[in-house]
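Engineer: Sequence and predicted model, in that order:
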Amino acid sequence: NISFILSSCCILLHNASGLQLTSTPPLIDVPTYSLATKDSNGKTGMNILTYASPASTKPDRMWTIGLFKGTVAHENFSLTGTGVLQLLVPCHSTLVRLLGGSSGKDVDKRHECDLLGFPWMSSEEPGMPELLPKCAYYLRLTLVGDLIDCGSHDIAVCKVESMLVQNGKEAHDRDYLNTALLRKMKIITEQGRVAD
């Protein structure tokens, strides 16, 4: 009888908890990055990327990134297996519509960034794509294994080959661009897409 009473109490508590199924994912705040890649001719491409996360620190520092299919970034990263993840800061918010809302197939993003006051810069490290100035961090990534098909995106598990900062300046906590700020500025929608 005691086990029946305990079982009944658990069922009542579960039903009283108010949990309901939903198809709406949580609205979370994540850092905003730009992924710089190179095509087979050495031309740099850039996009906006928010699906990025550290995955391991030892024996190698590993990250995962989500690559939207059909984009120049996806095409380049699939081809070369390398790229530079650039952690953006608030001054880069003016670039989000350009880098995240248009395709490098249709727009000269390098030229447009230059017009917006962010001329791409070359790195002294060989084989690197051109980079945006003033980023909080630059993580040079190489693909480990194959891309993982996840529907609209492929997931890349990457080794961090090097971590760079500009002029020796390291970012402090929250000193980066994030999706909450972009939503507040009405640059992206609640769903995370570039606003019209």
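Structural biologist: Yep, that arrived.
Engineer: what's the span of stretch 62-73, first residue to last?
Structural biologist: 19 Å (CA to CA, to the nearest Å).
Engineer: which other residues reach it?
Structural biologist: 35, 37, 39, 45-47, 49, 51-56, 74, 77-78, 83, 85, 103-105, 139, 141, 144, 147, 150, 152-160 (CB atoms under 8 Å, 6 or more residues apart in numbering). Using the backbone N, CA and C atoms, a C-beta is placed for each residue, glycine as well.
Engineer: out of those, which are inside helices?
Structural biologist: Assigned to helices by DSSP state H, the following of these qualify: H74, F77, S78.
Engineer: Check what contacts the top strand by length along the chain and list those residues.
Structural biologist: For the chain, the strand reaching the highest residue count under DSSP state E is reported as strand 153-164. Applying CB under 8 Å, 6+ apart, the contact partners of strand 153-164 are 51, 55, 60-69, 74, 77-78, 123, 125, 137-145, 147-148.
Engineer: can you pull out the strands in the protein?
Structural biologist: Under DSSP E, the chain gives strands at 33-38, 44-49, 52-56, 62-68, 82-87, 137-143, 148-149, 153-164.
Engineer: Need the ones you listed in JSON lines (columns: mean pLDDT and mean neighbour count).
Structural biologist: Output for the strands of the chain, formatted as JSON lines (pLDDT from 0 to 100; neighbours: other CB atoms under 10 Å):
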{"stretch": "strand 33-38", "mean pLDDT": "97", "mean neighbour count": "25"}
{"stretch": "strand 44-49", "mean pLDDT": "96", "mean neighbour count": "25"}
{"stretch": "strand 52-56", "mean pLDDT": "96", "mean neighbour count": "13"}
{"stretch": "strand 62-68", "mean pLDDT": "97", "mean neighbour count": "19"}
{"stretch": "strand 82-87", "mean pLDDT": "97", "mean neighbour count": "24"}
{"stretch": "strand 137-143", "mean pLDDT": "96", "mean neighbour count": "20"}
{"stretch": "strand 148-149", "mean pLDDT": "97", "mean neighbour count": "10"}
{"stretch": "strand 153-164", "mean pLDDT": "96", "mean neighbour count": "17"}
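Engineer: and these as JSON lines, adding distance to K184?
Structural biologist: What follows is those, written out as JSON lines (distance: least, CB to CB, whole Å):
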{"stretch": "strand 33-38", "distance to K184": "19"}
{"stretch": "strand 44-49", "distance to K184": "17"}
{"stretch": "strand 52-56", "distance to K184": "21"}
{"stretch": "strand 62-68", "distance to K184": "23"}
{"stretch": "strand 82-87", "distance to K184": "19"}
{"stretch": "strand 137-143", "distance to K184": "23"}
{"stretch": "strand 148-149", "distance to K184": "33"}
{"stretch": "strand 153-164", "distance to K184": "25"}
